[in-house]
Each structure stands twice: as structure tokens, then as C-alpha cells.
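Participant: What shape does this take:
(2 chains)
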Protein chains: 2
Amino acid sequence: MSMLLLGFLVMLLLLGLVIMLLFLGIICHVIVVVCMKWSCYWHKVEHPLDPLTVAEILIVQTVLKESSRLGTANSNVLHYVVLELPEKEEVLAWLPGNPNLPRKAMVVMSVEGKPHKLIVDLKSKRVIEDQIVESSGRPPASFEELQLGLTLPQEDPRFLESIAARGLSLSDVLCLPLTGGWFGIPEEEGKRLLKFQCFDTNGTVNFYMRPVEGIAILIDLDSRQILSYYDRIKKPPVPKGEGTDYRLKVQQPPFVTPLNPISIEQPQGPSFKIEGHQVKWADWEFHIRPDPRAGMVISRVTLKDQTQQQQQQDNKGHIQRSVLYEGFISEMFVPYQDPSEGWYFRTYFDAGEYGLGILALPLQPLDDCPANAKYIDAVFAAPDGSPYVTPNMICVFERYAGDISWRHSEALVQNVQVREVRPKVTLVVRMVTSVGNYDYIVDWEFQTDGVIQVKTGLTGSLMVKATEMETIEHPTEDTSDGIHGTLVSENTIGVSHDHFLNFYLDLDIDGPKNSFVEGKLARKVVQNSKFGRKSYWDMERHTAQTEEEARIKLTLTKPSEFHVVNTNKKTRLGNPVGYRLVPGATAASLMALDDPPQMRGAFTDNQLWVTAYNASEKWAAGFFPSQSHGDDGLAVWSNRNRGIENTDIVLWYTLGFHHVPCQEDFPIMPTISGSFQLKPTNFFERNPIVKTKPNFGQECANST
Amino acid sequence: MSMLLLGFLVMLLLLGLVIMLLFLGIICHVIVVVCMKWSCYWHKVEHPLDPLTVAEILIVQTVLKESSRLGTANSNVLHYVVLELPEKEEVLAWLPGNPNLPRKAMVVMSVEGKPHKLIVDLKSKRVIEDQIVESSGRPPASFEELQLGLTLPQEDPRFLESIAARGLSLSDVLCLPLTGGWFGIPEEEGKRLLKFQCFDTNGTVNFYMRPVEGIAILIDLDSRQILSYYDRIKKPPVPKGEGTDYRLKVQQPPFVTPLNPISIEQPQGPSFKIEGHQVKWADWEFHIRPDPRAGMVISRVTLKDQTQQQQQQDNKGHIQRSVLYEGFISEMFVPYQDPSEGWYFRTYFDAGEYGLGILALPLQPLDDCPANAKYIDAVFAAPDGSPYVTPNMICVFERYAGDISWRHSEALVQNVQVREVRPKVTLVVRMVTSVGNYDYIVDWEFQTDGVIQVKTGLTGSLMVKATEMETIEHPTEDTSDGIHGTLVSENTIGVSHDHFLNFYLDLDIDGPKNSFVEGKLARKVVQNSKFGRKSYWDMERHTAQTEEEARIKLTLTKPSEFHVVNTNKKTRLGNPVGYRLVPGATAASLMALDDPPQMRGAFTDNQLWVTAYNASEKWAAGFFPSQSHGDDGLAVWSNRNRGIENTDIVLWYTLGFHHVPCQEDFPIMPTISGSFQLKPTNFFERNPIVKTKPNFGQECANST
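Facilitator: Numbering: from 1, shown residues only, chains lettered A, B, ... in the order given. Just a heads-up that it's a prediction; the model follows:
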């Protein structure tokens, strides 16, 4: 009897145990699932500039719903939900270990067709600011609105007719958003517009090579209506799909002679540390923040200076010197150079109209970044306010390309045996954004000699125009006014265009108070020298007093250097400490100043500008570039002509590319690169490379 | 008895055996020593452009001795002993496997002060040509003559006095050859001259930072006499040596935070083949020839074209298309921009006055080139005609820098999952020449998309000027006319200067008959467009008829593309096949056209020139730049204004750098790089990268 009772009790105990284990299992499973979904983005904020977390975005969403701004009318769309940056002074005063600064979110949303800018306090969970943004420009299309072209036209009889007239199958046709542009047409004023261009996806994933030319669909994003539709009478054929598919798996021989595997290897692992969003490498420290509009923002770039013996002793070798407060791509302007009906309006502002971060896709390990790369995820907010994660949006890796940062051998003096070499190892921070057909690779590269090189690569595939033309020997009616590019395949014109990438560079050389010095290299004539030398050049330094004096058009015949110096701090020799901008990819806009696209992209009127720091001046083509009239942005701010000497200043540099396509750009476009450098110039007392050690390659030399 | 005899015989036998073995040993030893000395350079010549072998140079030496041109008078000095290139037509007609073309050597030597150019036939072992070179320029100093400054001054009382007056120890002072320059001084006419500058080697191997300012020693190389000597009354102090030594072993902490080892790895080895001097990689084939003057010459660059389906079938996939017949650095002009007595003449022509190959030292494996590099040795002739080997003068390696040659991800179309990436792997051919204080890194980089990128890196240490000045706050008398540079350390001025590297580029796009097309990007105004677009740009192609029409000064406001096309061959679309030059490092000379240095370096009057091919026109500053009056060279040839349409043409492009030194250039100079590209433009029917396979990094990913 008692035995039976005992057995019963044991069974009960076991049963309980099993249930308990099951329960625990379920909890674990739930935790894991949540973690997977949010990549555990509930992490605590470690730095005042850290981006909004999943938790914080959820707070914003709740606050907006509770204040019945969200989830009421369909038309309420969130365009931006980002960290409202603390005052620069506060951030500069903040030190690691300090309590974090108050966290706020900045929200840009459309409420009944009006763009609102809100500030949400994340602690009190309240909207503490709500104002309507007055601007000729309109808020950007949401990711979901960009896809209206996939559905709206399909219900329009005119569209069905156009497709039928071309003998295409509706299910194959895909309409993608182009920019609306702005050309002063009254009935378009004040509306949020996108023009859609259609492509035939039949037989290729590379549908960009198969434009359905002649159709233009203008969609009003607020009313979600097709505002205007037209189909040209002349209908050039859709270029054939054969041979346009670029996927490796569909390629047929012959192949380019294949190469053996190759890789950058670090047997002891990388030398950098990523703590939250803070990166430490060699003597560099900086902060990375994913941003829906700029893609990524590099902030608080500082450098430990090992060259200042004196200060070394004072500060136990911990002199972290300031170089750059904040740097990012402020706008990307891509005007096409074909004035015809279907093309004249193709003048894109990729950052402000789409968002470089929103269009960034996960990087492909081992292909987009080498084997030794580490990755950073991004957390953004969807148009409905719910957070989502873009995994592997940014990668960080050390680059060794077989290059040399410094070397010297002694040839002329036999008894001196000098064979000194320091291989060049750098740190690269990379993101890639896929803006439709184009992929933009953005690299911030940090060198041990204090140089920061910013490099952009343009790849993907072309935006092409269909034509009746099959070879240039046989001109056709639709090319009577020129082909405005190059015939890159049968019935396919690669249309000429530009890329202008404007970089916001808030340099703070040893503090915010800096000056801009243009060093002009000028020829000097020697009057009857007794040695026979008749000329030489010398550098004339000119400190810009006002924003007007710092509008620079680059020239080769009258070259200049461009220095940002801190006149309040001198080297031991009396040279003002500074960095200089070394330009690259120097193409300037060739459009007329009164052309609407140029008015909107007026930041390309000059290649280099300097403005007085103003927290609200961040986007070179204005806060809302879509359909703007050019009444906001860098050119307007510069016209205030503020004083810029010995004060907090911002450099704006535009990397420019003219692109006349060629057959090598079909069916895909190989990477074109351009870069500029921020280079220490009398910033260090002496060259820091002397204080670097060569990386002993032999320790991993197992390949030969 | 017989036993004793037997024993005796055996002993004899053993003794003989020992002697025989010893003898064999000695023979082996001798063979080994010879092999070591010549690195077994008795190899057979495999290609008409292969450089002279040890055997061939020995033949030349013998022939010259037997014809009593050598070894008779001291003054007979060999300046160049190189392969006399076969006619271009012959080389083009030659195919691998054919019997090699007749081998000849070209010799430049001074006989009784007169420069002779000889042709030695290596088969008949006879001098078949001997002519005096008529030119205002003089033959370059031999390596041995460059070192006259180490001995001659030491015997001159004036020099001993100067050194004593400065309280320096004679054994510490080293005098190095600067250029003689030419400024029309009658008593210098016709002589072979070098000016020597002295340095104090006390306390540092980086003696370039310790100039003994104020002394100038002019030496006549033929008479081996000091032609003129002066010592300025004002004697600025010799800058101190402390902290100038750059050797790793003498560095003290603090160091830049060290990095973990990093390396480019290829577990299956490199993908390229070096057969003799012929290199094969991916679809590229080309020939490398070390040259005492140019450093290295890249010849017969061809490419297997995988994009021409039609021809594929015809030719079993073996279409080796011609791109470049020959490319090399034709001259390197380095004018300093200080007109004062000790500096006005410092206007170097490094290739013609010294020889980039002669001054090239062995590359340091793992530091100068990565672990996966292979090396090529050079064989040159000493001034006395005896051959010598420069081991590891050139390296060849595959580069993977984590870059992307093409990629595309699809963001806007949800149902299309595109994640295609092709990492960028290239082939680099590198040499480094140490011209005194400067080290020049020269890279020829070949890409799988058909691009050839030529990159030069400038490093080493500055040429500095001693001054009384210690800080710029306290001007001194010796800087009253300006410092002509930057105070980079106490008593040390980094003098401003330029570097102009002229590249000889004999492009042969699908054959020698090419044309030069300038594509001018010009703004077009749209008259009252009904769409509101007011302007665009278009490319206007202009084919240069004459050499005059092809003298290009680069401008940014009126940009152009520079195409070399073969109008006799069109793509299937009718575009003429071609390559284009994409400029970089675009600094132009700022000196006056009538300034003697500029007259001699007149090839820098334009950045780009095109001339009709002429085998004798190779060196942009003339055959003998030393003390030349500018009556030979590119500018002179171009003035003939020959026709250049649809004929064999040569492109001349100058990479230019203005260098205003800064404290970061002291005590060593970090590498400054510049490059240009030769880029296929309608050369391929379509982009070849589609036909490349990604290198599967994971196969060697053991670092993470």
C-alpha cells in the first residue's frame, strides 16, 4: 500500500519534472526566436551617438500611436525615425563611463499630406516637439511607396493596352520608381510624385537591360493615384534579354581563365576592437552609426599621438587628438544628360529621395568583404514605425594589398646598408547601397600615418534607353537628335550621366575652432638671376574670412592645397596644426546654372565649400530634395556668407564622375572608383610611421 | 710478399680515389661559385625582346677589348650596354617556337670624351656600327663616377678647410652627386659635370637630414678634376642628427599600437606563369625586360578575348588581341623650387642622368612584395663592360585587397533575390628604384576587366636645406627671401619641388595602325524645351590629324576623354575598337617656358602628347638629358607635326606631383601615390567580368 503510494508520488514527481522541462524549453525557444528576429538589439546604449535600438524605436512607435498620429489614417507615413543628436558641446564633454546623455528620437512623418518633424523624448515617452516642415521639397517616398509601381499600373486599362500593343506579357512587366524631378509644372506643385519606368523581366534577372521605352507613369504618392499616363506613338523594341543575365550559375563557357583562391589572412585574428559602435584600431578611435539617409556616419574620429615626446611624459602617452567630429555622404546627385521626353527628368538625389541606408542590403561575407572582416548590423524603422534589422550592413576589416607605407634603400653609399620597409596595413569600414540599378561601395580607410582615405566605387548595371538603332552605321529616326550616350548593345543606348557624391566633413582639428587656408601655388619670376634660373613656384597661404571666400572650383593651371588648421595650436616649429583635403574624382557639373536640376543640385556649383557649423545644416541638396526648387541646401546656406575664421567650420567636398558608357558597361558595369584624402599636414611633430613596426608577413607565409 | 704488393696496390687505388674525389669536389665548388655569381644567367634566349644575358654581355666586353675600345684609356666608360631592339615588324611577325631573331647589343660609351653609339653583332662578334652622338646633352655619369664625391674632395685643401671651419670630422662627411643642370654658363659647355652636395653622417644613417649647407663642388667627370669649388661665407648649422635615424632597431617607445600579422595567401599557389621573361596570367600575356635606364619595360601586352562568340568558334577560343607594344618610364623630371645659389640647379632627370634600373636594389621579400610574389633578376653591364646581376629587381604577384570588381544586389524588387559579387583580383608587376634620397615604387597592374593601371609611389626621405631658422616665429637672414618650402624640423627646410614621370605608351590596339580621338564633353543649351530642361552635355569626338592637334593640357572645366582607336576594326555595333587613357596625378609644370630647366623638361609643357612611331624616339627629355639645352626630346619631335591618323602612334603621358613638404615628411616621407589607367573602351563586345568566376575565399579562410 505504502509502496504503491510511493510509486505514485515518484511518477507525479517525474511528470512534474517533464512538464517543467517542457515549459523551460518553450521559454528558451521564445527567447531564441526573439533574439534571432532582433539580433538581440535590446543591448544597452553605450555612447551618446549610438543609433536608436529596437527598444527605443518600439517606444517611438507606441508614443506615436498613443498620440493617435500613427495607425489612424493610411496617409500617415514615417519617413525617418532616427536619433535626435545631442548638442555637439554635450557630446564633446561626454566621457566613456559617464552616464549617457538624454535620448531623443527625431521623426519625420506625413500627416494629412503635411510633413511633420517631431522630437520624441524616450525617457518621458512624450512628443516634445511637433512642427510642420516648410519647404518646396517633399518628403521622400517610403520603401513601400517605391513599390507602388508593382501594383497600381496593373489596374490601369491604358497600361494594359500599352503592354498588349507591345506584345508583352503583363506578368513579365515590372515598373520601378524613377525620380519625379521638378521642372516648374504648376499641376505638380506641392504633390509627392514619382515617375515610373517599366521593364520586361522575361528571360533575365537583369531587367534593367530591357526597358519598355515610351511609357511614363506619374504617380501621386499621397492619393496613390496615377496622376498622368502617356505612351509614345513610336515604340522602340524592348532590347532582347539573351546574354544579359549576369548570374554565375547561368554563364556558359568560354570563361576568363580562372584564378587560384586568394585571401587576406590574419592567423592571430584582426587587430581592431568593436565595442558597441565604437571602433579602436592602431592609434585610431571612432564611432560608426548606421543611418537610413546617409548610410553610415563616422563620428568622433580621434588619434593617439605618439610623436609628441614632451606631452607623452605629461599625459602618460594618452593624447587622443581630435580630427573629425562627423563625416558622411550628405547627398548623391545623378543627372542624366538626355533632354528627351522620357529622360530629361532623370536627375536623382539618391540620399534624399531614397535613402542610402534604407537601400543598403546585407554584405556577402568573403565576397563583399574579405575573410578577416567583422560585421555591424543596422536597426531602422519601417514606415509603420516598427523596427527591423539589416544584418551585416557594415563591415570592418584590415587591408593589406601588398603596398608599402614607407621604404628606403641606400644605393649610392656602398658602406651604408639600408633596407628598411614598412608594409602598408589599413583599416577599412565599408557599406554598399543598391540604388536600383546602381550599387555604391563606400569605404572609409584609416592609415597608420594619420591619413583618412574616403573611396567610393560605382558598380551594378547601367540605366539604358531602348532605341530602334541596331548599329551606329544605320541611324534611326528616334536618334535623329543624337544618341546622348553610346550604343552598348543592339537597340540599347547607355545614356551619358554624372555622379556627384557630396561629403559632409565636420573636421575638428584639436578642437572645434578651425580655419580654412587655401595654399595657392603661384609662379614667381626671377628677375635677371646671376645663376640663370628664371622662375619657380611658391605657395601663398590665404585664410578664408567668409563662406564666399571658401567656394572652390578646382583648376589644374592654378593649383591649390586646401588646409583646415587650428591657429590656436602650433607645432614646436610654429606651424599651425592641420589636416588638408587632397581632392580626387574632380569632375564638375557641366549643366547651366539656371537649369532646374542644377538649381536643385547647386552644391555642385563648386567642388569645395566651407560653412560655419550649424547643427541643422546637414543635407547638401536640402532637407527634402524631392521636387525641391533649390531653395534649401548648401548653396543657400553659403550665401549667408557667415564668418568662418577660427570658429567651428564644416567642409563639403563633392566627388564627381562623368560617365560616357561603353560596351564594357554592358550587360553589367565594372566598378569605377574615386577617392579623396584627409591628410595630416603639420598635425604631427614628425612622421608617425617611424614608430610603426612592420607586420611580419612570414608568420603567416604558408602559401609559397 | 704478394700480400704486401696487393696491400700496396689497394692503398694506391684508395689514394687515387681520394685524389679523384677531391678534384671532383673542387670542380663542383667552382661550378657552384660561378653559378652563384651569375645566378646561372647562361640561360638561352627565348624571346626577341629578352634582355642581354651574362654570356652576351661578356661577348660585347670581349669584342670591345679586342677592337681596343675598352681597357686602353681610362676615359673609356660604358654608359649603356643593352639589347639593340629588332625592328618592330620583325618582332610582330615572330611567333613562339620560331628561331629567334638575330641578337645585337647597343653600346653607348665615351671614347676620348666623345659619346659613341655602337652596335655589336653578337653572332659575328663584330662592331657593325660606330657613330658619335651629336647632341648638346652629355652621356650620364657611370655608377663609379657618381661616387667621385666620396674621394676627390677629401684631397682638396679648400674642402678640408670648409669642414674644419664647421667643426665637423672629415670621416663623417659624405658628398653625393646632384645634377649638374644647364644654365648656359660658357665654361661649362661640352663638359660632363656633376655638382656634389655634402652631408654629415655622424649619428644617423639618415644623413639626408644633415646637409652641410653652403658648399658646392663642381666636378668634371672626364678629367676627374674639381672644376669649381665654393663655400658660402654664411654657414647655417648642420641640423642635428637626433631622432632622424629611421631604422627599426634604433627606435624607442612609444610605438604606434602594433598590429597582428596579415598576409595575402594563396594555398594553391599563384595563378600566373613566368616563362623566361614572358608572363601569363588570367587572359593576359606580356613580356618584362629589365632596363638600366627605364628600370623595366613591359612589351607585347596581349589579351585573350572571351567575349567574341563568333570569332571564338573560328579560332578555337585563341584570340590574343594586341593592346600595348611597349610601355615604360621614359623620363623622371624633379625640379626644386628654390632659386638660391645652392639650389637653383637642382633639376633632376633621374632616368637619363642616373638610370632607374642601375639604381634599383633587390626587393625585400615579404616587405616590398607580399608572400605570394615571384621575383625576376636583372643582368646589367658595369662601366668596364663586365656583367653583374641585380637579384630580385622585379616582383610579380597577385593582389587581393578586399575590393570588388563588380557586384549587384536587388533592393527594390522583393521577389528577385540577386546577390552577385565578383571580388577584385589583379596581377601586379613591381620594381623600386632608389634615386638618392627618393625611392620610387612602380607598379603595372593588370585587371580581369582589361584595365591596365600604372601606379607610382614616391617615398624615402626629403632633400632638405639647412637654415639658421629654428621656428617660423623667428625669421633669419638666410630666409629673408622666403623659405621656399616648409620648416620640417629645427634648422631644416623641406624644399618645395615637383615630380614628373613621363610614360612612353606605344599602344597597338588590334594592330599598329591607330588613331587618337579626343572626346570633348561640351555643354549643350536646350532652346525652350517643353519639358523645362535647359541644358545637358554631350561628347564631341575629334580625331587628331597631326601631332600639334594632340598636345593636351588637362582642364577640369572643359573635360575630355582620350581614346586610342583602331578605325580599321569595329565592334558588331559599329563602334571603333579602342582603349582610353584615364589620367591621374595631373599636376602640370608651373615654371616659365623659357626657364632652362623647363626647356630641358619641355615634355611637361603638356600632360599628354601623341607622336608618330619612330624607333629612335624613346626618351622624353632626349637621348642625353645631362646638361642638354632642350634641343632633343618629345617637344622637338612633336614640332615636326607629323600626321598621326590611322598610323602607328605613341602616347606620352606625364604623371605629375607638386610637393610642398610638411612635418609629416620628416625624418622620412610616407608614400605618395599617383596612377593612370589604360581602359578598354568598346574594345570588348561586352564586359568580360561576367565571364569571370569569384575566387572562393572560403578555401583559404582559416583566419576567422
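
Participant: quick one, domains of chain A?
Facilitator: For chain A, automatic domain parsing gives the domain ranges A:54-132, A:143-250, A:272-473+A:493-699.

Participant: The stretch 551-700 of chain A: strands as residue ranges?
Facilitator: A:560-570, A:576-582, A:608-612, A:647-659, A:669-680 (DSSP state E, counting those that start in this stretch).

Participant: Dump those strands to JSON lines, plus distance to residue A:162.
Facilitator: (C-beta placed from N, C-alpha, C; glycine too.) Shown next, in JSON lines, are the strands of the stretch 551-700 of chain A (distance: least, Cβ to Cβ, whole Å):
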{"stretch": "strand A:560-570", "distance to residue A:162": "52"}
{"stretch": "strand A:576-582", "distance to residue A:162": "50"}
{"stretch": "strand A:608-612", "distance to residue A:162": "45"}
{"stretch": "strand A:647-659", "distance to residue A:162": "30"}
{"stretch": "strand A:669-680", "distance to residue A:162": "29"}
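
Participant: export the domains of chain A to TSV and tack on mean neighbour count, mean pLDDT and distance to residue B:580?
Facilitator: Putting the domains of chain A into TSV (neighbours: other Cβ atoms under 10 Å in any protein chain shown; pLDDT from 0 to 100; distance: least, Cβ to Cβ, whole Å) gives the following:
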stretch	mean neighbour count	mean pLDDT	distance to residue B:580
domain A:54-132	17	93	42
domain A:143-250	18	93	23
domain A:272-473+A:493-699	21	94	8
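
Participant: So for residue B:641, which of these sits nearest?
Facilitator: domain A:272-473+A:493-699 (24.1 Å; Cβ to Cβ).

Participant: roughly how far apart are residue A:266 and chain B?
Facilitator: With distances taken as Cβ to the nearest Cβ, to the nearest Å, residue A:266 is found 5 Å from chain B.

Participant: And for that residue, the neighbour number?
Facilitator: 26 (other Cβ atoms under 10 Å in any protein chain shown).

Participant: any idea how far it is from residue A:424?
Facilitator: 15 Å (Cβ to Cβ, to the nearest Å).

Participant: Show me what residue A:198 bridges to in the sheet.
Facilitator: Assessed by DSSP bridges, residue A:198 has beta-bridge partners residue A:175.

Participant: show me the contacts for it.
Facilitator: For residue A:198, the contacting residues are A:149, A:153, A:173-176, A:211-212, A:215, A:217, by Cβ atoms under 8 Å, 6 or more residues apart in numbering or on different chains.

Participant: give me every residue that touches the most centrally placed residue in chain A.
Facilitator: Centroid check for chain A by Cα atoms, centre = their mean gives residue A:295 as the closest residue, at 4.4 Å. Contact analysis of residue A:295 by Cβ under 8 Å, 6+ apart lists A:328-329, A:351, A:356-357, A:360, A:431, A:433, A:442.

Participant: export those residues to TSV and tack on secondary structure?
Facilitator: Converted to TSV, the contacts of residue A:295 look like this (DSSP: H, G, I helix; E, B strand; the rest coil):
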residue	secondary structure
A:328	strand
A:329	strand
A:351	helix
A:356	coil
A:357	coil
A:360	strand
A:431	strand
A:433	strand
A:442	strand
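
Participant: Output these in CSV, with distance to residue B:157 appended to each entry.
Facilitator: Output for the contacts of residue A:295, formatted as CSV (distance: Cβ to Cβ, whole Å):
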residue, distance to residue B:157
A:328, 67
A:329, 68
A:351, 73
A:356, 73
A:357, 76
A:360, 75
A:431, 69
A:433, 73
A:442, 66
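
Participant: Which of the residues you listed sits closest to residue B:555?
Facilitator: Nearest to residue B:555 among those, with distances taken as Cβ to Cβ, is residue A:329, at 27.2 Å.

Participant: I'd say residue A:87 and residue A:615 touch.
Facilitator: Yes - contact criterion Cβ atoms under 8 Å: residue A:87 and residue A:615 qualify, at 7.4 Å.

Participant: nearest to residue B:138, of the domains of chain A?
Facilitator: domain A:272-473+A:493-699 (17.5 Å).

Participant: Would you pull up how far the closest one lies from the middle of the chain?
Facilitator: In terms of Cα atoms, centre = their mean, to the nearest Å, the gap separating the centre of domain A:272-473+A:493-699 from the centre of its chain is 11 Å.

Participant: Check stretch A:138-153 too.
Facilitator: The answer for stretch A:138-153 is 21 Å, by Cα atoms, centre = their mean.

Participant: what does stretch A:9-25 give?
Facilitator: Taking mean C-alpha positions (Cα atoms, centre = their mean), stretch A:9-25 and its chain are 55 Å apart.

Participant: Parallel or antiparallel, which strands does the longest strand anywhere in chain A pair with?
Facilitator: Assignment by DSSP state E gives strand A:387-409 as the longest strand of chain A. Using DSSP bridges, strand A:387-409 pairs in its sheet with strand A:374-381 (antiparallel), strand A:419-435 (antiparallel).

Participant: quick one, that strand and strand B:669-680 angle?
Facilitator: Relative orientation of strand A:387-409 versus strand B:669-680 (axes from the mean of the first three to the mean of the last three Cα atoms, to 10 degrees): 110 degrees.

Participant: Indicate whether stretch A:459-478 makes contact with chain B.
Facilitator: Yes - Stretch A:459-478 is in contact with chain B by Cβ under 8 Å from any Cβ of the partner chain, via A:459-461, A:470-473.

Participant: Residue A:378 pairs with what?
Facilitator: Where residue A:378 sits in a bridge, its partners, by DSSP bridges, are residue A:390.

Participant: which one is the residue nearest to the centre of chain A nearest to, not counting chain neighbours?
Facilitator: Spatially, and ignoring its direct neighbours in sequence, residue A:295 is nearest to residue A:356 (3.5 Å; Cβ to Cβ, 6 or more residues apart in numbering or on different chains).

Participant: Quickly note the distance from whatever residue of the stretch 1-150 of chain A ends up closest to chain B to residue A:621.
Facilitator: When scored by Cβ to the nearest Cβ, the stretch 1-150 of chain A has residue A:146 as its residue closest to chain B, at 6.1 Å. According to Cβ to Cβ, residue A:146 stands 19 Å off from residue A:621.

Participant: I'm done for today, thanks for sticking with me.
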